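*Asks:* A structural model of the following input is requested.
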Amino acid sequence: AVHLTESGGGSVQAGGSLRLSCAASGFIASRYCMAWFRQAPGKERERVATIDSDGDIIYADSVKGRFTISKDTAKNTLYLQMNSLKPEDTAMYLCAADYKVRCGANTNYWGQGVQVTVSS
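*Replies:* Just a heads-up that it's a prediction; the model follows:
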């Protein structure tokens, strides 16, 4: 079975940094798309960044230049380095994966999520 476990969330002041990790098991990360999504209260789930199965990387416009997604295939772990955090980045962050080229809203596998709170 596929399992995704996030860690690294927390509270930080605006301008600060956090690094999220997503430990994956039950599949080979190099063959799957993997992505980070986020959802704030009252808002739709938003894809923050994704690594396609062929290695292409896509960022949401709102995080370009501030967030970096990466994947360590040897550790089967996905990361999200978040710098210059803003209060509007406050949300539950979820890791997602699937045996597809690109992870979208219909991705099949999801972690439980970690809370990121940015105070002004």
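
*Asks:* Which strand residues bridge the residue nearest in space to the middle of the chain?
*Replies:* Taking C-alpha atoms, centre = their mean, the centroid of the chain lies closest to residue 36, which sits 2.1 Å from it. Per DSSP bridges, the residues bridged to residue 36 are residue 49, residue 95.

*Asks:* I'd assumed residue 71 was in contact with it.
*Replies:* No. Using C-beta atoms under 8 Å as the test, residue 36 is too far from residue 71 to be in contact (11.0 Å). For glycine as for every other residue, the C-beta is placed from the backbone atoms N, C-alpha and C.

*Asks:* what touches both of these two?
*Replies:* Counting by C-beta atoms under 8 Å, 6 or more residues apart in numbering, the shared contacts of residue 36 and residue 71 are residue 78.

*Asks:* what are the ranges of the helices in this structure?
*Replies:* Along the chain, no segments are classed as helices by DSSP state H.

*Asks:* Could you list the low-confidence segments of it?
*Replies:* Counting by pLDDT under 70, not a single residue of the chain qualifies.

*Asks:* so what's the residue nearest to the centre of the chain up against?
*Replies:* Taking C-beta under 8 Å, 6+ apart as the test, what residue 36 contacts is 20, 22, 47-50, 69, 78, 80, 93-96.

*Asks:* Could you rerun that using 10 Å?
*Replies:* Counting by C-beta atoms under 10 Å, 6 or more residues apart in numbering, residue 36 touches 6, 20, 22, 46-51, 59-60, 63, 67, 69, 78-80, 82, 93-96, 103, 111.

*Asks:* are any of those residues buried, and which?
*Replies:* Listed as buried from the contacts of residue 36 are 6, 20, 22, 47-51, 59, 63, 67, 69, 78-80, 82, 93-96, 103, 111; burial here means 16 or more other C-beta atoms under 10 Å.

*Asks:* mind listing which of these are in strands?
*Replies:* 6, 20, 22, 47-51, 59, 67, 69, 78-80, 82, 93-96 (DSSP state E).

*Asks:* Specify the beta-bridge partners of residue 110.
*Replies:* residue 96.

*Asks:* Same question for the one 4 residues further on.
*Replies:* According to DSSP bridges, the partner residues bridging residue 114 are residue 93.
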